[in-house]
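In: Just need the structure, nothing else, for what follows:
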Amino acid sequence: MLRIVQYNIHRFLHPTTSTSTLPHVIQALQRLKPDVLTLNEMDITTEPKAFQALASALQLPYVEFYGHVNGRYGNAILSKHPLKRTVATTLRGGTSFEFPPGTLKLNGTVAEAGETHRIVRGLLVCEIAHPQVGDICVGCTHLDHIDIEQRKIQFQHIMELLHHATTSPVLLCGDFNALERNDYTDLQWAGLEQRAAANHWNPPSSGDLQQLTQHGYVDSGRSSKNVNSDSDSDSDRPPPCTAPTTTPEPLYRIDYLWTKSTPQIDVACLNHTVDRATTCSDHYPLVVDVALTKKKTTRRDSGRSSHL
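Out: Below you'll find the model as predicted:
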């Protein structure tokens with residue numbers, strides 16, 4: 001079994017107080033005991049020694065980081081098994097907008113009149129040398145939070161990259177900022193629409209995750225044998241929401257693990273949970289236990305290669 005923890009850590013800054021959360025994140029993750037940890041909004045400027053602290057405390061000695069914003073902000077993968085980076089790239093797409101003149105940007109510069117900014121997103125993919133089944137592919141990304149059409153462009157780019165990068169089974173993790181309509185009741189969806197209107201956001205939309213399904217990927221929240229759910233009904237158990245932590249109940253399911261098996265290795269999700277005890281970020285950690293099993297090959301298919 002392999003335990004995957006996916007977590008948007010909000011730059012290791014508390015969402016309401018902006019104080020450092022690194023010690024609290026480490027304490028929470030020690031309790032969760034990940035074999036593989038995927039992180040979004042990793043900022044080495046905010047916490048320059050975070051990787052050393054995490055790797056040591058969690059016994060995850062293999063670390064890869066792709067800072068797609070000025071080399072300092074992006075996605076990370078930590079593992080107890082050896083890692084080999086295969087893809088680290090800026091994704092196509094991303095919402096563009098104009099800063100009000102005089103705005104102090106995160107890179108320390110001040111916006112000028114008419115200056116356009118594109119929200120840049122990245123993808124980090126690594127091969128993990130699993131001691132029982134061989135190489136498995138783990139991807140970590142954080143997609144556009146404003147426009148579903150931009151996420152569709154980014155999903156398409158990710159599918160292209162994974163197709164050419166690996167023939168191994170895939171675990172694709174991240175804060176996708178994508179919604180699946182079937183995860184919400186009509187009342188819940190109406191509440192999301194009202195919240196978006198009150199904040200002058202685009203209304204909630206669904207459909208971009210279908211690209212993963214079309215390419216043979218499986219949602220761990222839908223395929224796991226055990227799912228801790230926001231619903232008390234045994235007949236209607238949507239996967240739990242992951243954000244925000246600042247409301248009485250989380251409203252959005254936007255953190256995901258999607259998997260893809262190969263003819264040689266089967267990927268099965270055993271448990272899919274959201275750790276509601278950890279409130280260091282504006283997201284809760286997603287915890288998924290994955291079983292990787294070598295399939296028995298027959299004389300007919302033993303010579304075939306697999307392609308994503």
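In: Let me see the contact set for Trp201.
Out: Ile146, Arg195 (C-beta atoms under 8 Å, 6 or more residues apart in numbering). Bear in mind the C-beta positions are built from the backbone N, C-alpha and C, glycine included.
In: make it 7 Å
Out: Counting by C-beta atoms under 7 Å, 6 or more residues apart in numbering, Trp201 makes contact with nothing.
In: Leu123 and Asp35, how far apart?
Out: Remark: distance between Leu123 and Asp35 (C-beta to C-beta, to the nearest Å) = 21 Å.
In: Those two: which is more packed in?
Out: Comparing Leu123 with Asp35 by other C-beta atoms under 10 Å, the one with more neighbours is Leu123, at 26 against 20.
In: Could you give the bridge partners of that one?
Out: Note on Leu123: beta-bridge partners by DSSP bridges are Thr89, Thr141.
In: hang on, isn't it packed against Ile158?
Out: Yes. Shown here, Leu123 and Ile158 form a contact pair, counting by C-beta atoms under 7 Å, at 5.8 Å.
In: Find residues that contact each of these two.
Out: The contact sets of Leu123 and Ile158 overlap at Leu91, Thr141 (C-beta under 7 Å, 6+ apart).
In: For stretch 3-13, could you pull out the residues that count as buried?
Out: Neighbour-count burial for stretch 3-13, counted by 16 or more other C-beta atoms under 10 Å, picks out Arg3, Ile4, Val5, Gln6, Tyr7, Asn8, Ile9, His10, Arg11, Phe12, Leu13.
In: Which single one of those is nearest to Pro48?
Out: Nearest to Pro48, judged by C-beta to C-beta, of those is Phe12 at 10.6 Å.
In: wait, doesn't the closest one sit right on Leu22?
Out: Yes. Counting by C-beta under 7 Å, Leu22 is a contact partner of Phe12 at 4.8 Å.
In: Which residues are in contact with each of the two?
Out: Contacts common to Phe12 and Leu22, judged by C-beta under 7 Å, 6+ apart, are Glu47, Ala50.
In: show me where the stretch 51-200 of the chain has helices.
Out: Using DSSP state H, counting those that start in this stretch, the helices of the stretch 51-200 of the chain run over residues 148-165, 186-198.
In: For Arg92, which of these is the nearest?
Out: Ranking the helices of the stretch 51-200 of the chain by proximity to Arg92 (C-beta to C-beta) places helix 148-165 first, at 4.6 Å.
In: Let's see that closest one as CSV, backbone CA atoms only.
Out: Extracted in CSV, the C-alpha atoms of helix 148-165 (Å, rounded to 0.1, in the frame of the first residue of the first chain):
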residue,chain,number,x,y,z
ILE,A,148,-13.1,26.7,-16.7
GLU,A,149,-12.0,27.3,-20.3
GLN,A,150,-8.4,27.9,-19.1
ARG,A,151,-8.5,24.7,-17.0
LYS,A,152,-9.6,22.8,-20.1
ILE,A,153,-6.5,24.1,-21.9
GLN,A,154,-4.4,23.1,-19.0
PHE,A,155,-5.9,19.6,-18.7
GLN,A,156,-5.3,19.0,-22.4
HIS,A,157,-1.7,20.0,-22.0
ILE,A,158,-1.3,17.7,-19.0
MET,A,159,-2.8,14.8,-20.9
GLU,A,160,-0.4,15.4,-23.8
LEU,A,161,2.6,15.6,-21.5
LEU,A,162,1.8,12.4,-19.6
HIS,A,163,1.1,10.5,-22.8
HIS,A,164,4.7,11.2,-24.0
ALA,A,165,6.4,11.2,-20.6
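In: re earlier: looking at the buried residues of stretch 3-13, which is nearest Leu286?
Out: Using C-beta to C-beta, those come closest to Leu286 at Gln6, 4.3 Å.
In: Quick one: residues contacting that closest one.
Out: Taking C-beta under 7 Å, 6+ apart, we find Gln6 in contact with Thr38, Cys173, Gly174, Asp255, Leu257, Leu286.
In: how close does the last one sit to Ala111?
Out: In other words, Leu286. Leu286 sits 34 Å away from Ala111, going by C-beta to C-beta.
In: So for these two, which residue has more residues nearby?
Out: For Leu286 versus Ala111, neighbours defined as other C-beta under 10 Å are more numerous around Leu286 (28 against 16).
In: now the more buried one, which residues is it bridged with?
Out: Under the criterion used here (DSSP bridges), Leu286 is bridged to Gln6, Val274.
In: Might you specify the subset of the buried residues of stretch 3-13 located within strands?
Out: With strands taken from DSSP state E, the overlap with the buried residues of stretch 3-13 comprises Arg3, Ile4, Val5, Gln6, Tyr7, Asn8.
In: For the residues you listed, give me a markdown table that also has distance to Gln30 and pLDDT.
Out: Listed next are these as a markdown table, based on distance: C-beta to C-beta, whole Å; pLDDT from 0 to 100:
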| residue | distance to Gln30 | pLDDT |
| --- | --- | --- |
| Arg3 | 13 | 98 |
| Ile4 | 16 | 98 |
| Val5 | 11 | 98 |
| Gln6 | 17 | 98 |
| Tyr7 | 13 | 98 |
| Asn8 | 19 | 98 |
